[in-house]
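K.L.:
Structure of the sequence below:
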Amino acid sequence: KEGEIVKKKRMNKNRLTTWLPVALLGTAGILLGYLFYRRRKAVIQKQQKEEDDKGSNVFNVNQVKICEPGVWPPALTSNESKKPTFLSVTSFNTLRRHYGFHENSWTPYRYKDWTHRRQLLMQLLKDINSDIFCLQETELRDIETDFAKPLAELGYRYLTAKPSGRHDFTKPSIFYKTDKFTLLWSKPRSRTVLAEFLINGSEHRVLVVSCHLQGGGREKSSRYSQARSVVKTLDHRIRETDPNSTGSGSSSSSRSPQPRKKHRNKNLGETTTSDSQQNQPDMPNNQFNYNPNPNPD
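P.N.:
Reported below is the predicted structural model:
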């Protein structure tokens, strides 16, 4: 028995000498990982603070005019009274009807209820009274009841994205006032809906896009691809309606038609094709020019 006891003691001692260094190394690794995390977090916070400080020199949020939706549009000052009536566009994520609130357990149930939320949403939209509403997360199955019928009483019609994709029922939409706009063209897609309107009583046209791009922190490339596709569609529409235009953001009053050319984008590794300018019916020239400092007069 004494021999067995001595043997067990030796075994326990061997186990201790074997596992103790491993435990110490594991503890040291955890501590080093934690210290690295803290240091990395401090560096990121410092970089964000520096970026915020740089941004504050360029843009001051205190310069933005703010008013409650109930008193929209804001009253014009005496210096602004000579300007023409402005065009109001509102983009609004309505948080879909069947949102689960799985990560919002602190929100009382009565505030999660769609009947309560819809009542507040409709009151807010009526108070804003925008010429165009670009709404996101409108559910196509219930859009007539939720938004179309009450907004139709206020003089709105609507367009929606295509019911396709992973979320075939939760889509962006565009509501516009029929007394101010005439719909000329529309392009529904899975994540976006594009439209071109003629402002009634004028020759001015506006292109409007309501989009709800792919969500998630790992979907940056998908969002970039979706946004790039939208811009290309807008460029194509501008070229169709204005032969003198070279695309969104630029135009030329005298350019000869260019043949279709293929060129490779070295950064993206893709091959794109530039559309040739085609003869179109006479349209007002340069109606899509971008002017960073428009003259209201």
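K.L.:
which residues are in contact with the helix or strand encompassing residue 173?
P.N.:
Assessed by DSSP states H and E, residue 173 sits inside strand 170-177. Outside strand 170-177, the residues within contact range by C-beta atoms under 8 Å, 6 or more residues apart in numbering are 96, 131-140, 143, 147, 151, 154-163, 183, 191-193, 195, 197, 208, 210-212. (C-beta placed from N, C-alpha, C; glycine too.)
K.L.:
Let me know the average pLDDT across it.
P.N.:
The average pLDDT for strand 170-177 rounds to 95.
K.L.:
Specify the angle between the helix or strand just after it and strand 170-177 in degrees.
P.N.:
Downstream of strand 170-177, the first helix or strand assigned by DSSP H and E is strand 181-188. For strand 181-188 against strand 170-177, the angle by axes from the mean of the first three to the mean of the last three C-alpha atoms, to 10 degrees is 160 degrees.
K.L.:
Which parts of strand 181-188 count as buried, going by neighbours?
P.N.:
Residues of strand 181-188 classed as buried by neighbour count (16 or more other C-beta atoms under 10 Å): 181, 187-188.
K.L.:
Now do it, average pLDDT.
P.N.:
On average, the pLDDT along strand 181-188 is 96.
K.L.:
repeat for stretch 223-236
P.N.:
92.
K.L.:
how about it as PDB, C-alpha atoms only?
P.N.:
Only the C-alpha atoms of stretch 223-236 are listed here, as PDB (Å, rounded to 0.1, in the frame of the first residue of the first chain):
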ATOM      1  CA  ARG A 223     -23.600  47.100 -52.400                       C
ATOM      2  CA  TYR A 224     -20.900  48.600 -54.600                       C
ATOM      3  CA  SER A 225     -22.000  46.400 -57.500                       C
ATOM      4  CA  GLN A 226     -25.600  47.300 -57.000                       C
ATOM      5  CA  ALA A 227     -24.900  51.100 -56.800                       C
ATOM      6  CA  ARG A 228     -22.600  50.900 -59.800                       C
ATOM      7  CA  SER A 229     -25.400  49.200 -61.800                       C
ATOM      8  CA  VAL A 230     -27.900  51.900 -60.800                       C
ATOM      9  CA  VAL A 231     -25.500  54.600 -62.000                       C
ATOM     10  CA  LYS A 232     -25.000  52.800 -65.300                       C
ATOM     11  CA  THR A 233     -28.700  52.600 -65.800                       C
ATOM     12  CA  LEU A 234     -29.100  56.300 -65.100                       C
ATOM     13  CA  ASP A 235     -26.300  57.100 -67.600                       C
ATOM     14  CA  HIS A 236     -28.000  55.000 -70.200                       C
END
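K.L.:
And the strands in the stretch 101-250 of the chain, which stretches?
P.N.:
In the stretch 101-250 of the chain, the strands defined using DSSP state E, counting those that start in this stretch lie at 132-139, 156-160, 170-177, 181-188, 192-199, 205-211.
K.L.:
Show me which of those strands has the highest average neighbour count.
P.N.:
Mean neighbour count (mean count of other C-beta atoms under 10 Å) peaks for strand 170-177 among the strands of the stretch 101-250 of the chain, with a mean of 24.
K.L.:
so where's the stretch 101-250 of the chain uncertain?
P.N.:
Scanning the stretch 101-250 of the chain for pLDDT under 70 picks out 102-103, 165-168, 245-250.
K.L.:
and the closest residue to residue 213 other than its chain neighbours, how many residues sit next to it?
P.N.:
Distances taken as C-beta to C-beta, 6 or more residues apart in numbering put residue 223 closest to residue 213, at 4.4 Å, once the chain neighbours are dropped. Residues near residue 223, counting by other C-beta atoms under 10 Å, number 15.
K.L.:
could the buried residues of strand 181-188 go into CSV alongside distance to residue 106?
P.N.:
Below are the buried residues of strand 181-188 laid out as CSV (distance: C-beta to C-beta, whole Å):
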residue, distance to residue 106
181, 42
187, 41
188, 37
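K.L.:
then stretch 162-177 to PDB, C-alphas only?
P.N.:
Taking Å, rounded to 0.1, in the frame of the first residue of the first chain, the C-alpha atoms of stretch 162-177 are listed here in PDB:
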ATOM      1  CA  LYS A 162     -39.600  44.000 -58.600                       C
ATOM      2  CA  PRO A 163     -40.900  41.200 -56.300                       C
ATOM      3  CA  SER A 164     -37.700  39.100 -56.700                       C
ATOM      4  CA  GLY A 165     -34.600  38.200 -54.700                       C
ATOM      5  CA  ARG A 166     -34.200  36.800 -51.300                       C
ATOM      6  CA  HIS A 167     -36.700  39.200 -49.700                       C
ATOM      7  CA  ASP A 168     -39.300  39.200 -52.500                       C
ATOM      8  CA  PHE A 169     -41.800  41.100 -50.500                       C
ATOM      9  CA  THR A 170     -39.800  43.900 -48.700                       C
ATOM     10  CA  LYS A 171     -39.000  46.500 -51.300                       C
ATOM     11  CA  PRO A 172     -38.300  50.200 -51.900                       C
ATOM     12  CA  SER A 173     -41.000  52.300 -53.500                       C
ATOM     13  CA  ILE A 174     -41.500  55.800 -54.800                       C
ATOM     14  CA  PHE A 175     -44.700  57.900 -54.100                       C
ATOM     15  CA  TYR A 176     -45.100  61.100 -56.100                       C
ATOM     16  CA  LYS A 177     -47.800  63.800 -56.300                       C
END
